[in-house]
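Chemist: Build me a model:
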Amino acid sequence: MRAFSQLLDDLVYTRSRNTKLKLIGDYLRETSDPDRGYGLAALTGTLDIPHIKPAAVRSLVSERIDPVLFAMSRDYVGDTAETVSLLWPKRTGEPPELDDATLRISDAIDRLRLASKLDAPRVLAAMLDHLDASGRFALLKLALGELRVGINARLAKQALAQAFGLDVEAVEEVWHGLRPPFAELFDWAEGRAGQPAVRDVPVFRPFMLAHALEDGRVSLDDYVAEWKWDGIRTQLVHSGGKTRLYSRTGDDISGSFPDVADAFGLPGVLDGELLVRGNAQGDVDLHGGAAASFNALQQRLGRKAVSGKMLSAYPAFVRLYDILFDGDEDLRERPWHERRQRLEAFAAPLDPERFDVSQLIAADSFEQLEDLRANARDAAIEGIMLKRRDSPYVGGRRAGLWYKWKRDPLTADCVLMYAQRGSGKRSSFYSDFTFGCWSDDGDLLPVGKAYFGFTDEELKWLDRWVRGHTVQRFGPVREVEKDLVLEVAFDSIHASTRHKSGLAMRFPRISRIRTDKPAAEADRVATLIAMAT
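Modeler: Numbers count the residues shown, from 1 in each chain. Alright, predicted model coming up:
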């Protein structure tokens, strides 16, 4: 437990992405099985201890800590595990049954998993009684499954791959077919066995991503154009009689969209845009049904259970872009034009209410394409995608294969860095937000600050997020985990010597909260420099 609690402490106080990768990699190399496997599960959000929930912890707290003191402290600290770890009264005068040096992660997890729903809180309290503050913090983070130490699942997998010389995309390909404590994964990593074989399991494959088309043109003889729809990328996988929908970060979102999952029953893997059909005036009337704006889709995101009323009011569907597997046949090495033919054939028998194939844009010249893009003012269209006709489907971004050409160039996907309390009626909320983009060295540099553009409900959501993801405090300012992407709109951007990024935005405002997008895929400073006037 001591090694894991030290890792959490180090991650909380480390800003550098490369340092985080090294810290996690060192922990995975130096820690024995099965502890490192459970540690990796905790870091990737795949560790589940069914009988320990926040309500159970709150019940324990009410027995040991003055509730008024806890409530005031929790509001200030912003994290339940940290607050409990600092306030929990350690028992004295008893022989030390265990401590953070002798308690193993696997032992703690076994104790909690083997305990009944009634006994699990008592078992947790007994361990908390004999740990120091650092050990209590680590144990509570494990038990609750909410680390919030400035990393995400992708970073933890990248650290594993980097530490053992694996390809992170190969790790992703088998990840959803493995379970903690990942014995097969570490056997592969340390050369005792080959890559784990995953069969008849709907596993995730890394998405192919696009570079921004920042200047110049491409030949329409070499590239095909499609609309860039304003939903979220999703991967549909059916294997072994099961269907899964994955987000671009590899999260299973099937539970939020059972109407789509239930309608996809052909063995294969498809890539597309998850959208909601709309009927409002101005919705795009293509493919037999209008696509509503992202705000409509947002009503469905993140819901563990979806009511019949919600399914009826916001019917979801997928606009299909590509096919990765047709049955067991891997098509990713085939050129785009061949995959397009296979996609059209594969999609033909699917329910047209739930699936349609993205329409290609007919244009005789790039100038005509520019006009079409400029006049595409529908709420569900972000811009245009340009795909090389002979491109294979490869995970990540590869230069020259796919380009995204957004309709409005004066937006950027930025990462929230700092939040400050507002004034007046906003004095109780963190409402002033500083955000940044990535430098070529992998550092996050501030590029602007915004304090409007969001609704009252979004402000409340952002305030809760800030309180729950704080890593440091500087008076009224909180530094937060670099995990939340905000789409920022601005009138213009200019060179500035006052800011480390060398840029200053004019009239920035938050136009969208991008919970679907990982921070590593936010825009780069170089992209903003190209937009500067």
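
Chemist: how does the chain divide up, domain by domain?
Modeler: 2-144, 208-406, 411-531 (automatic domain parsing).

Chemist: what's the span of the second one, first residue to last?
Modeler: If I follow you right, that is domain 208-406. For domain 208-406, the first and last residues are 17 Å from each other (Cα to Cα, to the nearest Å).

Chemist: and what of the shortest one?
Modeler: Between the opening and closing residues of domain 411-531 lies a distance of 10 Å (Cα to Cα).

Chemist: Any idea what I323 is bridged to?
Modeler: Beta bridges link I323 to L270, judged by DSSP bridges.

Chemist: is it true that it touches E344?
Modeler: No - I323 sits out of contact with E344 when judged by Cβ atoms under 8 Å, with a separation of 9.2 Å. Placement of C-beta: from N, CA and C, glycine included.

Chemist: Could you measure from A161 over to A170?
Modeler: According to Cβ to Cβ, to the nearest Å, A161 and A170 sit 8 Å apart.

Chemist: Could you check which of those two is surrounded by more residues?
Modeler: Using other Cβ atoms under 10 Å, the more surrounded residue of A161 and A170 is A161, with 19 against 14.

Chemist: which one is that one nearest to, not counting chain neighbours?
Modeler: V168 (3.9 Å; Cβ to Cβ, 6 or more residues apart in numbering).

Chemist: same question, V260
Modeler: V260's closest residue in space is A316 (Cβ to Cβ, 6+ apart), at 5.2 Å.

Chemist: what sits against the one you found?
Modeler: Residues in contact with A316 (Cβ atoms under 8 Å, 6 or more residues apart in numbering) are F257, D259, V260, L274, L275, V276, R277, L297, R300, R354.

Chemist: Need the three-state assignment for the fifth one.
Modeler: If I follow you right, that is L275. The three-state assignment at L275 reads strand, by DSSP: H, G, I helix; E, B strand; the rest coil.

Chemist: List the contacts of it.
Modeler: By Cβ under 8 Å, 6+ apart, the neighbours of L275 are W229, G231, A291, A292, L297, A316, F317, V318, R319, A380.

Chemist: Count the residues that sit near I65.
Modeler: I65 has 17 nearby residues by other Cβ under 10 Å.

Chemist: Was I right to think it contacts L87?
Modeler: Yes - with contacts counted by Cβ under 8 Å, I65 reaches L87, the gap being 5.0 Å.

Chemist: May I ask you to confirm that R506 is in contact with A489?
Modeler: No - using Cβ under 8 Å, R506 is not in contact with A489; the gap is 11.0 Å.

Chemist: In terms of neighbours, single out the busier of I323 and E344.
Modeler: Neighbour totals were compared for I323 and E344, and I323 leads with 28 against 12 (other Cβ under 10 Å).

Chemist: Check that one and give its pLDDT.
Modeler: As predicted, I323 sits at a pLDDT of 98.

Chemist: For A376, the count of nearby residues, please.
Modeler: 17.

Chemist: how deep is the closest residue to it other than its chain neighbours tucked in, by neighbour count?
Modeler: Distances taken as Cβ to Cβ, 6+ apart place R407 nearest to A376, at 5.8 Å, with adjacent residues excluded. R407 has 18 neighbouring residues, counting by other Cβ under 10 Å.

Chemist: Roughly how far does R407 sit from G383?
Modeler: 4 Å.

Chemist: How about R339?
Modeler: 22 Å.

Chemist: the more surrounded of these two?
Modeler: More crowded of R339 and G383, by other Cβ under 10 Å: R339, with 23 against 19.

Chemist: Can you tell me the element that one falls in?
Modeler: Following DSSP states H and E, one finds R339 within helix 336-347.

Chemist: do the same with L320
Modeler: Going by DSSP H and E, L320 is in strand 316-326.

Chemist: Give me the below-cutoff pLDDT ranges for the stretch 1-150 of the chain.
Modeler: Counting by pLDDT under 70, the stretch 1-150 of the chain contains low-confidence residues at 75-76, 78, 92-101.

Chemist: same deal with the stretch 201-350 of the chain?
Modeler: Using pLDDT under 70, the stretch 201-350 of the chain drops low at 279-289, 295.

Chemist: residue ranges of the strands in it, please?
Modeler: Counting by DSSP state E, counting those that start in this stretch, the stretch 201-350 of the chain has strands at residues 208-209, 211-212, 223-229, 232-239, 242-246, 268-276, 284-286, 289-291, 316-326, 329-330.

Chemist: For the last one, which outside residues touch it?
Modeler: When you say that, I think you mean strand 329-330. Taking Cβ under 8 Å, 6+ apart as the rule, strand 329-330 contacts L324.

Chemist: Return every residue with contacts to both of I65 and L87.
Modeler: Joint contacts of I65 and L87 (Cβ under 8 Å, 6+ apart) do not exist.

Chemist: R332 contacts L324, correct?
Modeler: Yes - in this structure R332 lies within contact range of L324 using Cβ under 8 Å: 5.4 Å.

Chemist: any shared contact partners between R407 and G383?
Modeler: Contacts common to R407 and G383, judged by Cβ under 8 Å, 6+ apart, are K228, R373, A376.

Chemist: Could you pull out the helices in the stretch 101-250 of the chain for me?
Modeler: Secondary structure of the stretch 101-250 of the chain, counting by DSSP state H, counting those that start in this stretch: helices at 105-114, 120-129, 133-144, 153-164, 168-175, 183-189.

Chemist: got the angle for the second one vs helix 133-144?
Modeler: I take that to be helix 120-129. Here helix 120-129 points in a direction 160 degrees away from that of helix 133-144 (axes from the mean of the first three to the mean of the last three Cα atoms, to 10 degrees).

Chemist: Now for the closest residue in space to E173 that isn't next to it in sequence: which residues touch it?
Modeler: What sits nearest to E173 in space, not counting adjacent residues and going by Cβ to Cβ, 6+ apart, is R205, at 6.0 Å. By Cβ under 8 Å, 6+ apart, the contact set of R205 is E172, E173, Q235, V237, V269, L324, R332, G395.

Chemist: got a list of what the fourth one touches?
Modeler: In other words, V237. P202, V203, F204, R205, T243, R244, L245, Y246, G268, V269.

Chemist: Without its sequence neighbours, what residue ends up closest to it?
Modeler: Closest residue to V237 in three dimensions, ignoring its sequence neighbours and counting by Cβ to Cβ, 6+ apart: P202, at 3.9 Å.

Chemist: Against K157, how distant is that neighbour?
Modeler: 18 Å.

Chemist: Looking at these two, which one has more neighbours?
Modeler: P202 (24 against 21).

Chemist: ok, the more buried one touching H238?
Modeler: Yes - if you go by Cβ under 8 Å, P202 and H238 touch, sitting 6.3 Å apart.

Chemist: can you map out the helices along the stretch 401-533 of the chain?
Modeler: With helices called from DSSP H, counting those that start in this stretch, the stretch 401-533 of the chain shows them at 456-468, 525-531.

Chemist: And those: which comes nearest L445?
Modeler: helix 525-531 (5.7 Å; Cβ to Cβ).
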